[in-house]
Structure formats: C-alpha cells, structure tokens
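Enquirer: Sequence and computational prediction follow.
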Amino acid sequence: MARILFIIAREGFRDEEYDIPRRRLEREGHTVVTASTAIGRATGKLGMPAEVEIALPDVEISEYAGVACIGGPGSPQFWDDHLVHDLLRQAGRSGLVVAGICSAAVILARSGVLASRRATVWPGDGEIFAPLVGEYTAARCEVDGKFITADGPAAAEAFAEALCTALA
C-alpha cells in the first residue's frame with residue numbers, strides 16, 4: 001500500500017480534517033506520515049494531539065505516493081512557505097497525489113500547482129484563492145486528476161474518500 005505525507009501546523013491544525021482522512025487511509029492499509037516544522041507533539045484547534053514524525057526539511061517527496069496539506073487556523077503559516085511549495089511542485093511533477101483541505105488549499109494555490117485546475121477552498125478564503133486556480137468551483141470536494149481539494153471540516157469524509165480513490 002501507499003505512504004502519504006500529511007502536513008499539519010504544530011498548533012491549530014483542524015482535528016477532523018486530520019483525523020478522519022488519516023484513520024480512513026490507515027484502515028485501507030496505507031501509511032500516513034505526519035510532517036510539520038519540527039518533530040514532536042502537535043495540537044489541533046479542538047485539542048487533538050498528533051505526533052509529528054518528520055520535520056519538513058527532512059522530507060524526501062519521492063518516498064511518498066502523495067502529500068496532503070491539512071487546514072485549520074494554523075495552516076496559513078504555510079501559505080508562503082517556499083519549502084512546502086517546492087514539495088508540492090515536486091509531487092505534482094512526479095504525478096503524485098497532491099491534496100489540500102480547508103484553508104490549506106491556499107498553500108497549493110500559492111505554490112502554483114492549481115493554476116490550471118478545478119479546485120475548492122474554505123469559503124472565507126475564496127477571494128484570495130480564485131485568481132490562483134484554473135476554476136474555483138466552491139464545491140465541497142473537488143478532484144482534478146491527482147489534485148484534490150476540499151472546503152473544510154464538513155468535507156473531511158469526502159476528502160478521505162477522494163484520497164483513497166486516488167491512491168488505489
């Protein structure tokens with residue numbers, strides 16, 4: 001089965017956007033590796049603990065079948081993170097799954113990987129997101145090839161389903 005990298009904020013990732021897809025992927029036999037700015041404990045907006053296994057500077061994207069950026073109030077710290085942008089561009093060029101949910105979809109948009117793609121984002125970020133993507137659909141979950149975006153916590157199940165399908 002596949003290994004997928006989840007990028008989360010050390011503080012303020014959105015609990016269900018991380019937990020629902022992670023558990024679904026693991027049930028399907030995939031391995032989820034959690035990355036952030038440093039290894040150790042991360043804390044979700046609602047208090048969920050998560051163990052960060054790898055620091056972003058140590059990620060070799062070729063070791064994964066895909067990368068998913070997880071939203072929440074901490075995710076804007078990565079909107080202009082050149083290291084994360086480089087990882088996303090490498091993943092896209094390599095034909096890997098590239099995904100983002102909620103405000104984290106802005107990371108994908110700002111990296112340039114959604115420039116010619118249909119995509120969605122947390123509605124509150126639509127105004128800054130729309131000019132950076134091929135078509136802003138405002139859908140709950142959008143799949144364009146191996147690029148997956150979703151609009152927030154209510155889309156966590158659909159996001160998980162889309163990830164599983166793309167990795168199958």
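Expert: Looks like it came in fine.
Enquirer: Now for residue 139, how many residues are close by?
Expert: Residue 139 has 15 neighbours, counted by other Cβ atoms under 10 Å. C-beta: built from backbone N, CA, C; applies to glycine.
Enquirer: Check residue 158 too.
Expert: Using other Cβ under 10 Å: residue 158 sits among 20 other residues.
Enquirer: If we go by neighbour counts, what in the strand or helix carrying residue 5 is buried?
Expert: Per DSSP states H and E: residue 5 is located in strand 3-7. Buried residues in strand 3-7, counted by 16 or more other Cβ atoms under 10 Å: 4, 5, 6, 7.
Enquirer: Name the nearest residue to the spatially most central residue of the chain, sequence neighbours excluded.
Expert: The chain has residue 69 as the residue nearest its centroid, 2.0 Å off, counting by Cα atoms, centre = their mean. In space, and not counting its chain neighbours, residue 69 is closest to residue 104: 3.8 Å by Cβ to Cβ, 6 or more residues apart in numbering.
Enquirer: quick one: the one you found from residue 133, how far?
Expert: For residue 104, the distance to residue 133 (Cβ to Cβ, to the nearest Å) stands at 14 Å.
Enquirer: what's the spacing between residue 127 and residue 56?
Expert: Applying Cβ to Cβ to residue 127 and residue 56 gives a distance of 28 Å.
Enquirer: quick one: which of these two has more around it?
Expert: residue 56 (18 against 10).
Enquirer: Just confirm that one contacts residue 35, I think it does.
Expert: Yes. Residue 56 is within contact range of residue 35, at 5.5 Å (criterion: Cβ atoms under 8 Å).
Enquirer: what sits in contact with each of the two?
Expert: residue 7 (Cβ atoms under 8 Å, 6 or more residues apart in numbering).
Enquirer: which outside residues touch stretch 123-140?
Expert: Residues outside stretch 123-140 that contact it (Cβ under 8 Å, 6+ apart) are 103, 105-106, 109-110, 112, 114-121, 144, 150-152, 154-155, 158.
Enquirer: swap the cut-off to 6 Å and go again
Expert: 103, 106, 109, 114, 116-121, 151, 155, 158 (Cβ atoms under 6 Å, 6 or more residues apart in numbering).
Enquirer: which of the residues you listed lies closest to residue 74?
Expert: Lowest distance from residue 74 to these (Cβ to Cβ) belongs to residue 103, with 9.1 Å.
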